[in-house]
Every structure is written in structure tokens, then in C-alpha cells.
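In: quick one, what's the 3D model for this:
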Amino acid sequence: MSQPGHRIDVTLVAGGKYHDIDFARRELLGLLAEHDEFRVRVQPDYEDTSGIEASTILVSYTCDVRPSETAQRAIRSWIEGGGRWVALHGTNSALTLGGPNGVDSPRVFPLWADTLGSQFVAHPPIQPYTVQITDPSNWLVADIEPFETDDELYLSEYADREALHVLLHTEWQGDAAGFVEHDWTSCDPRHPIMYLRRLGAGAVLYNTLGHCRGHYDMAPVLDYYPRIERCSWEKPAYYELLRRSLRWARGLDA
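Out: Next up is the predicted model:
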């Protein structure tokens, strides 16, 4: 008979704009369900901090969800006290659409960006690019071969790039058409894709991959979006990275 484990409380925050949150939530719940000890609660934003503070693990898939100052401070303190946060894709984004110069990324949550280690600024049009392994000695990415994906390539601003332990990266320079800050022709060509950000006794594991969008996810900008986009969710390597991330979140090291 197998030995009993112990309950691990998890909060999944899944919500926001311009993405197929239903799809991402379903996929993440399936991965979380692979851990018998996980008891998962789901919320659409970060404001129920009491639930997060009562959890051992936080997993987030959001876009343009801007937490209150109170929530930002509570989650920062929770991490510093030992919490582990698996942050995905647009968690670090604040977006303003409809301006004459394209999509803007206002710097509205400096503490949030500092906690996460980055803030989304822009991305080039979705097109294939290669995900490279930055630290193949780290078990979170060991034995994963470089792989091509057609995801959004996040171009970000970093609170302290030297404080990040980068695990995956890609290289790109060019024009991020459609964004206010579109000129990336002379930027550092190496862009982190997955990294660890340690804070006190806890840490954030951020992975920028995972864009997804269905036909009805651009409202009210568009009533019907013509394509269904699954991007890295169609790559076995992405699911392997997510599985390892959840093992990391529960304190395992392999």
C-alpha cells in the first residue's frame, strides 16, 4: 500500500482579456489533477488574497489583470515567506488598446513587475521562433531539446535582469508592429522565456509561453476572431515544462 502524502493547497488564478482563458484553465486543471495531494481553488483575479495566503502554491494565467496595491503587497509578502508561484504568459501584462499608435503597455504596477521580475512591453507578430535552453544543467529544463514554437515572443522590461536565473531564451531583433513601443532593432537580442526569480524564502517561476485565443476572445474589440490559436499548447515540450514547474512548486527537485 502506498504511503499517504499530505494535502497541498493551490490557488489557480485564470482570467483576463484577449485570450482563451477557458482553454488555459481547463488544461492547467488537468495538469494539477495529476497530483493527488493538490486541492485547487480557482479565482479570476488576485484580490482574494486570503485564499492565496492560505495556499502553498500559486499558479496564474492572466492577461491585463491589474491587482490592487493591497493584493500586490500581500502576494509579495506571501512569496517572501516561502510561497512558490508558477506565473504564465500574460501575468506581467497591462494593456491599453485602441490608441492611435497601437497597443500600449502602461507601467501601472511597479511592485508587481518587480515581484515577477518583468513587465510585458510588446511582441512581434506571431511567427515561428526557436526556444533555446539557457541552463541545461538545471533539472527544470535538462534533457529538453531546443524546440520551435509559433507563440507570442514576449519583449519585456526587467526590474533587475541580473537577479533572474534564466532557464530558456530566444534571440530576436526587429519591429513589433502594432505596439506603441515597436522598435526593437537595437535591443539586447537575447530574450528570457523561462526564469526563476527568488524572493526571500520563496520564488517565482515565470514562463512567457502559452498564448491561446479562440473565436470569441477579442470582444469588444472584435466580435469574432477568425483564427483559433493554440501556439505552444500544441508542443509536447511545453506540457513537459509545465509538469516540471508544478513539481518545482511543490518542492520537488526532479
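
In: switch to C-alpha atoms for all contacts and neighbour counts from now on
Out: Noted.

In: go through stretch 80-95 and flag the buried ones.
Out: Within stretch 80-95, the residues that count as buried by 16 or more other C-alpha atoms under 10 Å are 80, 82-95.

In: show me the two of those residues that sit farthest apart.
Out: Farthest-apart pair in the buried residues of stretch 80-95 is Gly82 and Leu95; separation 30.1 Å (C-alpha to C-alpha).

In: just to revisit the earlier point, so of the buried residues of stretch 80-95, which ones are in helices?
Out: If you go by DSSP state H, the buried residues of stretch 80-95 have Glu80 in helices.

In: who are the packing partners of the helix or strand bottoming out on mean pLDDT in the chain?
Out: Among the helices and strands of the chain, strand 96-99 carries the lowest confidence by mean pLDDT, DSSP states H and E, at a mean of 93. In this structure, strand 96-99 makes packing contacts with strand 102-104, judged by 3 or more C-alpha pairs under 8 Å, 6 or more residues apart in numbering; DSSP states H and E.

In: report all helices and strands that the strand it packs on contacts.
Out: Packed against strand 102-104 by the contact rule (3+ C-alpha pairs under 8 Å, 6+ apart) you find strand 96-99.

In: please enumerate residues in contact with the strand it packs on?
Out: 103-106 (C-alpha atoms under 8 Å, 6 or more residues apart in numbering).

In: again, but for stretch 140-147
Out: The contact list for stretch 140-147, computed with C-alpha under 8 Å, 6+ apart, reads 130-133, 135-136, 167-168, 237, 241, 244-245, 248, 254.

In: go with 10 Å
Out: 129-137, 167-170, 194, 235-238, 240-245, 247-248, 253-254 (C-alpha atoms under 10 Å, 6 or more residues apart in numbering).

In: right, and Val13 touches Pro67 too?
Out: No: with contact taken as C-alpha atoms under 10 Å, Val13 and Pro67 are classed as non-touching, separated by 11.6 Å.

In: buried members of the contacts of strand 96-99 into ChimeraX, please.
Out: Below is the selection syntax for ChimeraX that covers the buried ones among the contacts of strand 96-99, with 16+ other C-alpha under 10 Å defining burial:
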select :103,104,105
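
In: redo the contacts of strand 96-99 as a markdown table? Include pLDDT and distance to Asp22.
Out: Formatted as a markdown table, the entries for the contacts of strand 96-99 read as follows, by pLDDT from 0 to 100; distance: C-alpha to C-alpha, whole Å:
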| residue | pLDDT | distance to Asp22 |
| --- | --- | --- |
| Val103 | 98 | 24 |
| Asp104 | 98 | 25 |
| Ser105 | 98 | 24 |
| Pro106 | 98 | 26 |
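
In: specify which member of the contacts of strand 96-99 is nearest to Arg73.
Out: Here the nearest of the contacts of strand 96-99 to Arg73, counting by C-alpha to C-alpha, is Pro106; it sits at 19.5 Å.

In: just the pLDDT at the nearest residue to that closest one once chain neighbours are set aside, thanks.
Out: Nearest residue to Pro106 in three dimensions, chain neighbours excluded: Ala94, at 6.2 Å (C-alpha to C-alpha, 6 or more residues apart in numbering). On pLDDT, Ala94 comes in at 98.

In: distance of Ala94 from Ala203?
Out: Separation of Ala94 from Ala203 (C-alpha to C-alpha, to the nearest Å) stands at 22 Å.

In: same question, Asp20
Out: With distances taken as C-alpha to C-alpha, Asp20 is found 27 Å from Ala203.

In: equivalent analysis for Leu155, please.
Out: Between Leu155 and Ala203 the distance, using C-alpha to C-alpha, works out to 22 Å.

In: again, but for Phe179
Out: Phe179 sits 31 Å away from Ala203, taking C-alpha to C-alpha as the criterion.

In: can you give me the helices for this structure?
Out: Using DSSP H, the helices of the chain run over residues 21-32, 49-53, 69-80, 110-116, 236-249.

In: having no further points to raise, I will conclude here.
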